[in-house]
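J.: dropping the sequence and predicted coords here.
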Amino acid sequence: MDDDCCSTQLLDGDGTFNVEGLDRFVSTTKLSDCGLSYAVVAIMGPQSSGKSTLMNHLFHTNFREMDAFRGRGQTTKGIWMAKCVGIEPFTLGMDLEGTDGRERGEDDTTFEKQSALFALAVADIVIINMWCHDIGREQAANKPLLKTVFQVMMRLFSPRKTTLLFVIRDKTKTPLEYLEPILREDVQKIWDSVPKPQAHQDTPLSEFFNVEVTALSSFEEKEQQFKEQVAQLRERFFHSISPGGLAGDRRGVVPASAFAFSALQIWKIIKENKDLDLPAHKVMVATVRCEEIGNEKLRDLKSDEGWLELEEAVEAGPVSGFGKTVSSILERCLSEYDMEATYFEEGVRNAKREQLETKALDLVHPVYVTLLGHLRSKALEDFKSRLEQSLSRGDGFAASVRACTESSLVEFDKGFKGITNLCFLF
């Protein structure tokens, strides 16, 4: 295992979401800094089929593997997540609990369906780990799993375009070019047999999934060959989200800074047995996160050293260049918001920006009014002083008032020029 691998249990065997563990994971791996430049790869398959072993060799992760000498019991419980080492862009690996395990019993498929739906809602690429000898068999171990995958996909209000990567394990001498058409035919039959809502009665499989197929030799019998093949497969995960990549046409990506919040909300909806409306979910995530970012920037503004010094200076009297200084502070506040909120849904992002701008101006407004008061008081004092001097010289009253008014207004306008950058806002 490489040193910079980091892992956490996302869901335990009872379906409890590990909020603290995920937050630590996000912080440790700096996932939040990735924007939209990250990918999620999940693996599903029968228990003891070597899922964790494959993930560890493929991504240099540290998922717990089965010990063949101790029997084929359950090793992965719930869902584990790890940072894939040395892959660009940042890639998250998710290891799902094996299907058809004797620990849960054949009738307890609730968690299996819930975790499958979660993986489809979160992952860009789902690896289906399957035995070579199951291809073409009516009672194949992967058939119930595929039915589950296709059925739960119907519960996504607007499906993501997910890549299903079938990895055929322990391949025989039969060439892949003979196995792949049979597997694709099996997959198509299962898709056709799954009950669909009216809106998707005639929707082709390709609308929901990209299907990819590869094969690997036995890890136990041909370890060196297995490792070489896995190394070749690993190359396909580099730049997976670029055009032409494994997940090049994915849809509905949530910005990395909201991944933890989004995943938790998705799991809550799944646990409540509600249908997942992903577009609405994306808007909800954007609303919550942009609100949080806006509030954070407003707190930063209130404690900004430059702003506090300016506020204190205005209390004492007129401040030259007030508008330019405040505009610079506000622009910095808004540009920081823009930078952090850039990947969220545009309509929500812009609406929350306007809210931040309004709240920021509400903060500035009393100081602005105080400054205007200083300018007005100074202009009035200047007017009185000039008028007294003019009258003492024997100038006419009306002419003196007119001249003193004009000169005082000129002085007021001169002082006001320092805040003209902001006057259109109030």
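T.: Structure's in. What do you need? Keep in mind it's a predicted model, so treat the numbers as computed, not measured.
J.: only C-alpha atoms from now on, for both contacts and neighbour counts.
T.: OK.
J.: tell me how many other residues crowd residue 166.
T.: 22 (other Cα atoms under 10 Å).
J.: quick one, what contacts it?
T.: The contact partners of residue 166, by Cα atoms under 8 Å, 6 or more residues apart in numbering, come to 127-130, 211-214.
J.: so residue 342 makes contact with residue 352?
T.: No. The criterion here is Cα atoms under 8 Å, and residue 342 misses it with residue 352 at 11.8 Å.
J.: which one's more surrounded, these two?
T.: residue 352 (24 against 16).
J.: so what pLDDT did the more buried one get?
T.: Residue 352 is assigned a predicted lDDT (pLDDT) of 97.
J.: wait, which of the contacts of residue 166 is closest to residue 381?
T.: Ranked by distance to residue 381 (Cα to Cα), those are led by residue 127 at 79.7 Å.
J.: tell me the secondary structure at the closest residue to residue 18 other than its chain neighbours.
T.: Distance criterion Cα to Cα, 6 or more residues apart in numbering; nearest residue to residue 18, sequence neighbours excluded, is residue 10 at 5.2 Å. Classification of residue 10 by DSSP: H, G, I helix; E, B strand; the rest coil places it in strand.
J.: surely residue 10 touches residue 80?
T.: Yes. Using Cα under 8 Å, residue 10 is in contact with residue 80, at 5.3 Å.
J.: for the protein, what's the longest helix?
T.: For the chain, the longest helix by residue count, based on DSSP state H, is helix 346-392.
J.: from the contact counts, what lies against that one?
T.: If contacts are counted by 3 or more Cα pairs under 8 Å, 6 or more residues apart in numbering; DSSP states H and E, helix 346-392 sits against helix 278-302, helix 305-316, helix 322-341, helix 397-416.
J.: got TSV for the ones you listed, with mean pLDDT, mean neighbour count and distance to residue 60 too?
T.: Converted to TSV, the helices and strands packed on helix 346-392 look like this (pLDDT from 0 to 100; neighbours: other Cα atoms under 10 Å; distance: least, Cα to Cα, whole Å):
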stretch	mean pLDDT	mean neighbour count	distance to residue 60
helix 278-302	93	18	31
helix 305-316	90	14	46
helix 322-341	92	17	31
helix 397-416	71	16	64
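J.: could you dump those helices into TSV with distance to residue 250 added?
T.: TSV is the format used below for those (distance: least, Cα to Cα, whole Å):
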stretch	distance to residue 250
helix 278-302	13
helix 305-316	44
helix 322-341	21
helix 397-416	54
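J.: among those helices, which is nearest residue 47?
T.: Nearest of these (Cα to Cα): helix 278-302, 29.5 Å.
J.: ok, back up a step: so between residue 10 and residue 80, which is more surrounded?
T.: Higher neighbour count among residue 10 and residue 80: residue 10, with 24 against 21, using other Cα under 10 Å.
J.: tell me, how many residues neighbour residue 396?
T.: Residue crowding around residue 396 was assessed by other Cα under 10 Å; the count is 10.
J.: who are the contact partners of it?
T.: Neighbours of residue 396 in contact, by Cα under 8 Å, 6+ apart: none.
J.: just the buried positions in the helix or strand residue 164 falls within, please.
T.: Following DSSP states H and E, one finds residue 164 within strand 162-169. Of all the residues in strand 162-169, those buried under the rule 16 or more other Cα atoms under 10 Å are 162-169.
J.: with stretch 221-240 instead?
T.: 226-227, 229-230, 233, 237-240.
J.: for the stretch 1-150 of the chain, which residues score under the pLDDT cut-off?
T.: Along the stretch 1-150 of the chain, segments meeting pLDDT under 70 span 1-3, 66-76, 100-108, 138-142.
J.: switch the cut-off to 80
T.: Residue ranges of the stretch 1-150 of the chain with pLDDT under 80: 1-5, 47-48, 65-76, 99-109, 136-143, 145.
J.: the stretch 151-300 of the chain now?
T.: 152-160, 197, 199, 273-278.
J.: quick revisit: rebuild the buried residues of strand 162-169 as JSON lines, extending it with distance to residue 32.
T.: Formatted as JSON lines, those follow (distance: Cα to Cα, whole Å):
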{"residue": "162", "distance to residue 32": "22"}
{"residue": "163", "distance to residue 32": "24"}
{"residue": "164", "distance to residue 32": "26"}
{"residue": "165", "distance to residue 32": "27"}
{"residue": "166", "distance to residue 32": "30"}
{"residue": "167", "distance to residue 32": "30"}
{"residue": "168", "distance to residue 32": "34"}
{"residue": "169", "distance to residue 32": "35"}
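J.: quick check, nearest of these to residue 193?
T.: The closest of the buried residues of strand 162-169 to residue 193 turns out to be residue 164 (Cα to Cα; 18.2 Å).
J.: distance of that closest one from residue 148?
T.: Applying Cα to Cα, to the nearest Å, the value for residue 164 to residue 148 is 14 Å.
J.: would you map the strands across the stretch 51-200 of the chain?
T.: In the stretch 51-200 of the chain, the strands defined using DSSP state E, counting those that start in this stretch lie at 79-83, 90-96, 125-131, 162-169.
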